[in-house]
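Peer 1: Give me a 3D structure for the following:
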Amino acid sequence: MPALLQAEGLVCGVDEAGRGPLAGPVVAAAVILDPARPIDGLNDSKRLSARRRAFLAEQIRCSALAWAVAAASVEEIDRINILQASLLAMQRAVTALVDKYRFLPVEVLVDGNRCPELAYPVAAIIGGDGKIAAIAAASILAKTVRDDGMRELHAAYPQYGFDRHMGYPTALHLQALGEHGASPHHRRSFGPVARLSKP
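Peer 2: Below is the predicted model:
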């Protein structure tokens, strides 16, 4: 597998995790990699095993020049829609990175076809998490942080099986929604939640 492209200068990669699930927040990460400390094996988080993602997430935290993770809540998703909430989480992640490290990125590269509003040059790259190392790193951080959060939700709401499907609309999850109704962490603006939740 060829290595992903390393962006020149203080380029910030951004990606989100959790647009498709029926429950939980949408989480975004922003990462500026260190060209002097490359990380082998970066790729779109969906192409990696959970164990590999966890290993690489730790490498990113230790080796990146800067990184930050932020989220938009279920309440925000229901109020402004999942696309706008995803862009908001991305905006928060970049802002948190700049506030924490005082690095001003020369450019922000975002996975997908929509860009958050930022005070820096920003470009959307379709499939960027499989093309640009910094975006792949952001993809991995966002996914691992979100999955950890869903496992925590499972401890409080074991009847939904969040630790198995991470909130995605699997048959198990839909059955649990039909039996138990929605938890406070379900996205009530999503059709399956609205249809299957008890009144």
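Peer 1: What is the worst-scoring helix or strand of the chain on mean pLDDT packed up against?
Peer 2: In the chain, no helix or strand scores lower on mean pLDDT, DSSP states H and E than helix 191-196, which sits at a mean of 90. Under the contact criterion of 3 or more C-beta pairs under 8 Å, 6 or more residues apart in numbering; DSSP states H and E, helix 191-196 touches helix 171-180. In this view, the C-beta of every residue, glycine as well, is placed from N, C-alpha and C.
Peer 1: Now do the helix it packs on: everything it contacts.
Peer 2: The contact list for helix 171-180 (C-beta atoms under 8 Å, 6 or more residues apart in numbering) reads 22-23, 159-161, 164-165, 167, 186, 192-193, 196-198.
Peer 1: Just the buried positions in that helix, please.
Peer 2: Neighbour counts over helix 171-180 (16 or more other C-beta atoms under 10 Å) mark 173-174, 176-177 as buried.
Peer 1: from the residues you listed, which is closest to M90?
Peer 2: Comparing those against M90 with C-beta to C-beta places H173 closest, at 25.8 Å.
Peer 1: Pull up the gap between the closest one and D163, please.
Peer 2: From H173 over to D163 the distance is 11 Å, taken as C-beta to C-beta, to the nearest Å.
Peer 1: what's the answer for S86, then?
Peer 2: Separation of S86 from D163 (C-beta to C-beta): 23 Å.
Peer 1: who has more neighbours, these two?
Peer 2: Per other C-beta atoms under 10 Å, whichever of S86 and D163 has more neighbours is S86, with 23 against 14.
Peer 1: in what helix or strand does that one lie?
Peer 2: helix 82-101 (DSSP states H and E).
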